[in-house]
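In: I'd like to go over a predicted model; first the sequence, then the structure.
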2 protein chains.
Amino acid sequence: MKSAVILLSGGLDSSTLLHYVKTGLNYRELHALTIRYGQKHARETACAVVQARAAGVAEHRQIDIAFFGELVAGVSALTDPDIPVPALAALAPLQLDQPPTYVPNRNMLFLALAAAYAEARGIADVFYGAQAQDRYGYWDCTQEFLDRMNAVMGLNRRQPVILHAPFMLMRKSEILKIGLDLGVNYAETWSCYRGEDKPCGVCPSCVERRAAFSSLHVLDPLAGR
Amino acid sequence: MKSAVILLSGGLDSSTLLHYVKTGLNYRELHALTIRYGQKHARETACAVVQARAAGVAEHRQIDIAFFGELVAGVSALTDPDIPVPALAALAPLQLDQPPTYVPNRNMLFLALAAAYAEARGIADVFYGAQAQDRYGYWDCTQEFLDRMNAVMGLNRRQPVILHAPFMLMRKSEILKIGLDLGVNYAETWSCYRGEDKPCGVCPSCVERRAAFSSLHVLDPLAGR
């Protein structure tokens, strides 16, 4: 039976990925891993619970490493209370390569945890929702990062694990299209980095989400909130 | 000022490394990182506190990820209560390549945390005490693992971090020799994987430690306990 571990934040990309791995890629047994790392938008993890249930996962592990935000204090707008989440429009062109919403080495950390979890269960495939965003980016969401991480994982003598990011080269709207076709309930996903009651509409994550819905002429169920 | 982050378990290798980085390599500002991950020999972390103080570190962070032992349950003798820590002599030749004391993907996880910590502080150098043991080994304590991890780290656009393992190719006795010359207090280090009141003397870690002391004709201060 095809089994996979999936890093599930509860955002648009990873929620779509979960259902895509299940239905599109025919993995029958899913193990979802959700990590609270001190992110301001930890409310996304409540969506992860709903999505995991909807996908009928075999197991949904939730891990709390709130200390992580403190370990990397002073750097990221996603975890540091003193650093405001910027509007995408306010970023200088140079900042688009590494916006203040970047969290130091977060993806390697998450993939290390997911790979350990997979290895312990004899599961060879780990998925994460990395996407080369349309208008900004992070070094740990690139194909090169993924390839080099896999070069490390391939050394494992006990249970080699392969990291997959099938959305890496897709536009946000393409991901959304896949999810809509799969019937993903986007009312139960959360993207806004600010994590307040309603999506702010201007942070990098909100802007990309809105542009994706709008390009498909679909109403974001969160937009009216 | 040369600054470094050091993964400090409180064992013989990492305790020696801490003092070596400080005195031998002239790093003036040290940030030690100690991780409790559900290891049976968590008493090593008390030694880490003593060593960090002795080295006059700028900061000693201690992190608790006890959930990790549970995440990888069923695999490692180091974290699983149901898997006994074997005597080195009881291991079959094939097991020496990946003994039951191996913890799934632990070193990538630890290095990911250490690199995040370093990056957030603008520190370029991370040290860990990996050593290709004399009689057994782990895939994530090899030069190839380190090289490939560094290939990933080199992609970081914000603050590239370099991972160092200066003891990688040394025998245990060479490491010990360095530490003795530096005046490391080995009474305040802990190696035994079983983590009971006294070192068991037969687990892989004890055997290597004993052989190192014995080859230098030095009495292990823990041996008489």
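Out: That came through, no problem.
In: residue ranges of the strands in chain A, please?
Out: Taking DSSP state E to define them, one finds strands in chain A at A:3-7, A:29-36, A:59-64, A:125-127, A:162-164.
In: burial of residue A:16, as a residue count?
Out: If you count neighbours by other CB atoms under 10 Å in any protein chain shown, residue A:16 ends up with 27. To be clear about C-beta, it is placed using only N, CA and C from the backbone, and glycine gets the same treatment.
In: Could you pull up the contacting residues of it?
Out: When contacts are counted by CB atoms under 8 Å, 6 or more residues apart in numbering or on different chains, residue A:16 touches A:129, A:167, A:175-176, A:178-179, A:182, A:184.
In: Which two of these have the greatest separation?
Out: A:129 and A:182 (14.2 Å; CB to CB).
In: what about the two, which has more around it?
Out: residue A:129 (23 against 15).
In: Quick check: which ranges of chain A have low pLDDT?
Out: For chain A, applying pLDDT under 70 flags the ranges A:134, A:224-225.
In: Report back the residue of it that's furthest from centre.
Out: In chain A, residue A:157 marks the outermost C-alpha relative to the chain mean, sitting 28.3 Å out by CA atoms, centre = their mean.
In: doesn't residue B:95 make contact with that residue?
Out: No. Contact criterion CB atoms under 8 Å: residue A:157 and residue B:95 do not qualify, at 11.3 Å.
In: Compute the inter-axis angle for the helix ranked longest in chain A and helix B:106-120.
Out: The residue-count maximum for a helix in chain A (DSSP state H) belongs to helix A:106-120. Per axes from the mean of the first three to the mean of the last three CA atoms, to 10 degrees, the angle that helix A:106-120 makes with helix B:106-120 is 170 degrees.
In: can you give me the offset of helix A:106-120 from its chain's centre?
Out: Mean-position distance between helix A:106-120 and its chain equals 14 Å (CA atoms, centre = their mean, to the nearest Å).
In: and if you look at stretch A:53-69?
Out: Relative to its chain's centre, stretch A:53-69 lies at 12 Å (CA atoms, centre = their mean).
In: And chain B, is that stretch touching that?
Out: Yes. Using CB under 8 Å from any CB of the partner chain, stretch A:53-69 reaches chain B at A:61, A:63-65, A:67-68.
In: Most neighbours among these, which one is it?
Out: Within the residues of stretch A:53-69 next to chain B, neighbour counts (other CB under 10 Å) peak at residue A:68, which reaches 25 neighbours.
In: Tell me who's in contact with that residue.
Out: The neighbours of residue A:68, taking CB under 8 Å, 6+ apart as the test, are A:37-38, A:79, A:106, A:109, B:113, B:116.
In: how close does residue A:122 sit to chain B?
Out: 9 Å (CB to the nearest CB, to the nearest Å).
In: Could you verify my assumption that that residue touches residue A:161?
Out: No. Using CB under 8 Å, residue A:122 makes no contact with residue A:161, being 10.0 Å away.
In: who has more neighbours, the two?
Out: A side-by-side neighbour count of residue A:122 and residue A:161, using other CB under 10 Å, places residue A:161 first with 25 against 11.
In: ok, the spatially closest residue to the more buried one that is not a sequence neighbour - contacts?
Out: The shortest distance from residue A:161 to any non-neighbouring residue, by CB to CB, 6 or more residues apart in numbering or on different chains, is to residue A:115 (4.5 Å). Listed by CB under 8 Å, 6+ apart, the contact partners of residue A:115 are A:5, A:126, A:153, A:161, A:163, B:104-105, B:108.
In: Just checking stretch A:139-152 against chain B, any contact.
Out: Yes. Using CB under 8 Å from any CB, stretch A:139-152 reaches chain B at A:139-140, A:142, A:144-145, A:148-149, A:151-152.
In: Just the buried ones from these?
Out: Using 16 or more other CB atoms under 10 Å in any protein chain shown as the burial test, the residues of stretch A:139-152 next to chain B include A:139-140, A:142, A:145, A:148-149, A:152 as buried.
In: Could you tell me how many residues sit around the nearest residue to residue A:222 once chain neighbours are set aside?
Out: Once flanking residues are discounted, residue A:222 sits nearest to residue A:199: 5.5 Å by CB to CB, 6+ apart. If you count neighbours by other CB under 10 Å, residue A:199 ends up with 22.
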